[in-house]
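*Asks:* Pasting a predicted model and its sequence here:
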Amino acid sequence: MAKPEYYAMLQNGSNGPDVALVQIWLNGVRGNCLNYPVLTVDGGFGSKTNDAVRQFQTQNNLTADGKVGQNTWNALYNRYIQNHSSAEQYPGIAMRNGQAGATVKSAQQRLNLKGATLSADGKFGSKTTTAVRNFQSINGLSVDGVIGQNTWAKLYA
């Protein structure tokens, strides 16, 4: 699987599965040059995530504005996969109705590969919820319409 396609600017105050994925990537690229504390993967873009993004940007010759735009998104992903699997990774928090982003779009694309007929627009709405419920039912998972770790694992198997 390729990296999740960049969806929207992430910055202080942003939240959701894309922020959680960025937090996972930031934790995965920590090392000698990047010495921020391990981030809690909670999907909330606060001051610690902002500081870590700025350090990453500085070390990678990007504009150190603390915002994750397309250039930072791509650089962060590329650095992350140098030491980790390039398989698409569970974002660390469940995805549900009302959320939007690259991870939602990727899940919609995977659902379509498994038989759904969604518009992969990155917006988790009622049609995506229904498709998730159908997928969960067919695959013997708890049917709640939420893409948690178990649903993700089956979806990306």
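*Replies:* Ah, there it is.

*Asks:* Quick check: the gap between Tyr90 and Asn71.
*Replies:* 25 Å (CB to CB, to the nearest Å). For every residue, glycine as well, the C-beta is placed using N, CA and C.

*Asks:* try Ala52
*Replies:* From Ala52 over to Asn71 (counting by CB to CB), the distance is 16 Å.

*Asks:* got it, and Met9?
*Replies:* 11 Å.

*Asks:* Report the contact partners of the closest residue to Asp121 other than its chain neighbours.
*Replies:* Once flanking residues are discounted, Asp121 sits nearest to Lys105: 6.9 Å by CB to CB, 6 or more residues apart in numbering. By CB atoms under 8 Å, 6 or more residues apart in numbering, the residues touching Lys105 are Pro4, Glu5, Tyr7, Ala120, Asp121, Gly122.

*Asks:* can you tell me which two in these are farthest apart?
*Replies:* Pro4 and Asp121 (13.9 Å; CB to CB).

*Asks:* Looking at the two, which is more packed in?
*Replies:* Between Pro4 and Asp121, counting by other CB atoms under 10 Å, Pro4 is the more crowded of the two (23 against 14).

*Asks:* who touches the closest residue to that one other than its chain neighbours in this structure?
*Replies:* Leaving out its chain neighbours, the residue that sits closest to Pro4 by CB to CB, 6+ apart is Ala102, at 3.7 Å. Applying CB under 8 Å, 6+ apart to Ala102 gives the contacts Pro4, Glu5, Tyr6, Tyr7, Asp18, Leu21, Gly122.
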